[in-house]
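Trainee: Sequence and predicted structure below; questions after.
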Amino acid sequence: MIHKRINIKRITSEKYNDYNLKISTHLRKIPLFKRAVIPLIFILSLSSCVGDRLEFRNKGTVYLEGNRLICIKSTPGDILTYYLLSSSENNYAPPLAVAVDIKRAYPDTCINSVTLKENVAYDLNYILNDIKYKAEFSVDKSSTIKGVK
């Protein structure tokens, strides 16, 4: 009996080509918008958004002067260029105080005219000497700052 030699490569490549033809025909039926948006959403979900919590990751230090003056701990030569104070009382929006593109030098690193309430969590994001800091705190009955973890 004589056996025919079967070309495995040819059979495999024919099946592969048939499969590709079916896929490409199927993809042509999907609108271009969906073909472009689905990979874009996937790529964006992988890259994700970088928010304030990651940007302002250095632990900041604040203290009170009087009852309405929040000061950022600084030393001579320090320059404050940005701050944003928000509270848990209003779900951190809108901010209680904000200043952008300022150039306050030591010792003028305080935030004026903010009334702090007891047992409310506050977040203060600030940029001091081009380093981003985050201070999380609350105030007790005796107007003393307590750190929040």
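Mentor: Good, I have the coordinates. Numbering: from 1, shown residues only.
Trainee: contacting residues around A121?
Mentor: By C-beta atoms under 8 Å, 6 or more residues apart in numbering, the residues touching A121 are S87, S88, E136, F137, S138, V148. Bear in mind the C-beta positions are built from the backbone N, C-alpha and C, glycine included.
Trainee: List just the nearest of these to V100.
Mentor: Nearest to V100 among the contacts of A121 is S87, at 19.0 Å by C-beta to C-beta.
Trainee: Counting neighbours, what do you get for that closest one?
Mentor: S87 has 19 neighbours, counted by other C-beta atoms under 10 Å.
Trainee: A97 is in contact with that one, correct?
Mentor: No. Applying C-beta atoms under 8 Å as the test, S87 and A97 come out as separate, 10.2 Å apart.
Trainee: ranges for the helices of this structure?
Mentor: Ranges of helices within the chain are 8-29, 32-47, 52-55, based on DSSP state H.
Trainee: Can you tell me the closest non-neighbouring residue to N119?
Mentor: Nearest residue to N119 in three dimensions, chain neighbours excluded: S138, at 6.4 Å (C-beta to C-beta, 6 or more residues apart in numbering).
Trainee: Report the beta-bridge partners for the one you found.
Mentor: K146 (DSSP bridges).
Trainee: If I follow the layout properly, it ends up in contact with I145?
Mentor: Yes. Between S138 and I145 a contact is recorded at 7.5 Å, counting by C-beta under 8 Å.
Trainee: buried subset of the contacts of A121?
Mentor: By neighbour count, with 16 or more other C-beta atoms under 10 Å, the contacts of A121 hold S87, E136, F137, S138 as buried.
Trainee: Look at the third one and report its pLDDT.
Mentor: So the one you mean is F137. At F137, the pLDDT value in this model is 90.
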